[in-house]
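K.L.:
Would you be able to build a 3D model of this:
(chains A, B and C)
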Amino acid sequence: MEGSLLVRKGAWGKVEDDLLRACVQQYGEGKWHLVPARAGLNRCRKSCRLRWLNYLKPNIKRGGFTEDEIDMMTRLHRLLGNRWSLIAGRLPGRTPNDVKNYWNTYIRRRVSSHKEDINAKPKEIVKPHLVIKPQPLTFSRTSPWLTKRFISEDQSKAKECSIQAHGQNDKGDNTDNKCNNCRDHWWETVMDDKGGNAENDKCCLGDKDGKLMKDPNWNEELSSLTIDAGDFLIEDQCWSDFLLDVNLWDS
DNA sequence: AAACGTTGCAACCGCTTTTTC
DNA sequence: AGAAAAAGCGGTTGCAACGTT
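P.N.:
Take a look at the predicted model:
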């Protein structure tokens, strides 16, 4: 189908929209290569996906951007650059295409006019921003983290130990068996915003005071870090949120 | 009223990344 | 492990609507 000369291009009609909407409602999002056939549309998968994501999706917000949204967008752009999908992910109801279009019209214009103002004034020195990016961790071959001792057979064990281990450990240390179970699993959920929750993350990464654990087998650089997690994380917030927000509001 | 310029948005294109086999 | 297919992303284009001369 895709690449065929018969595939329709250009603006979508109401009938096509209805067919696509009905198809997604019936089969759900995804499997876009099947959508044209399922919906009876003479469109390529890319076109169907784009139409759904940018226009037909139910929660899409229409109309102008609010001041708050513009402020957020500006900060996020300063932090992330042209990563429109990431920026849109932080603006509920806005699509990457919306954000990109808005930026390219309103804000770029505003920035360029601002630059003209700046050119009239003496130049100020701009401090470079520190961008925190995920770094690969390295473990030695003999690290217990890579041996069977730390690989669980049952994922439910992780949840179980998170619930059981902490708060019931009257010594408050991480050396008992329950906490070893917990340590087995923290990496499975630490970057998972949806599945995990902040409470579990704090639990799995830290001791009862919210301090990040120091494990003798950790990479040296990592083990030198001791961060008071409880001071930063608020309810329902995850580590990825925290890392982003640090850069976002510290500018 | 007509010609021309500008704007805003939807859609396309090509490339990269991820997933599947 | 590697190839192919699918998904995702950002840059760019096309065009209708609107404003200006």
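
K.L.:
switch to C-alpha atoms for all contacts and neighbour counts from now on
P.N.:
Noted.

K.L.:
how deep is A:Gly89 tucked in, by neighbour count?
P.N.:
A:Gly89 has 12 neighbours, counted by other CA atoms under 10 Å.

K.L.:
mind listing what it touches?
P.N.:
Taking CA atoms under 8 Å, 6 or more residues apart in numbering as the contact definition, A:Gly89 lies against A:95-96.

K.L.:
measure it to A:Asp98 for me?
P.N.:
Here A:Gly89 is placed at a distance of 12 Å from A:Asp98 (CA to CA, to the nearest Å).

K.L.:
so A:Ile60 touches A:Arg94, yeah?
P.N.:
Yes: A:Ile60 lies in contact with A:Arg94 (CA atoms under 8 Å); the separation is 6.1 Å.

K.L.:
The two: who's more crowded?
P.N.:
Using other CA under 10 Å as the criterion, A:Ile60 and A:Arg94 rank with A:Arg94 on top: 21 against 14.

K.L.:
what sits against that one?
P.N.:
A:Arg94 neighbours (CA under 8 Å, 6+ apart): A:60-61, A:88.

K.L.:
could you redo the last one with a cut-off of 10 Å?
P.N.:
A:53-54, A:59-62, A:65, A:69, A:85, A:87-88 (CA atoms under 10 Å, 6 or more residues apart in numbering).

K.L.:
Any chance you could list residues touching both of A:Ile60 and A:Arg94?
P.N.:
With CA under 10 Å, 6+ apart as the test, A:Ile60 and A:Arg94 both reach A:53-54.

K.L.:
can you tell me the helix or strand for the closest residue to A:Gly40 other than its chain neighbours?
P.N.:
Spatial nearest neighbour of A:Gly40, excluding adjacent residues (CA to CA, 6 or more residues apart in numbering): A:Leu19 at 7.3 Å. Under the criterion of DSSP states H and E, A:Leu19 resides in helix A:14-27.

K.L.:
So that helix, near DNA strand C or not?
P.N.:
No: interface with DNA strand C: helix A:14-27 contributes nothing (CA under 7 Å from any atom of the strand), its closest point being 11.9 Å away.

K.L.:
And the helix or strand just after that helix, what does it pack against?
P.N.:
Under the assignment DSSP H and E, the closest C-terminal helix or strand after helix A:14-27 is helix A:35-39. In terms of contacts (3 or more CA pairs under 10 Å, 6 or more residues apart in numbering; DSSP states H and E), helix A:35-39 is packed against helix A:14-27, helix A:45-51.
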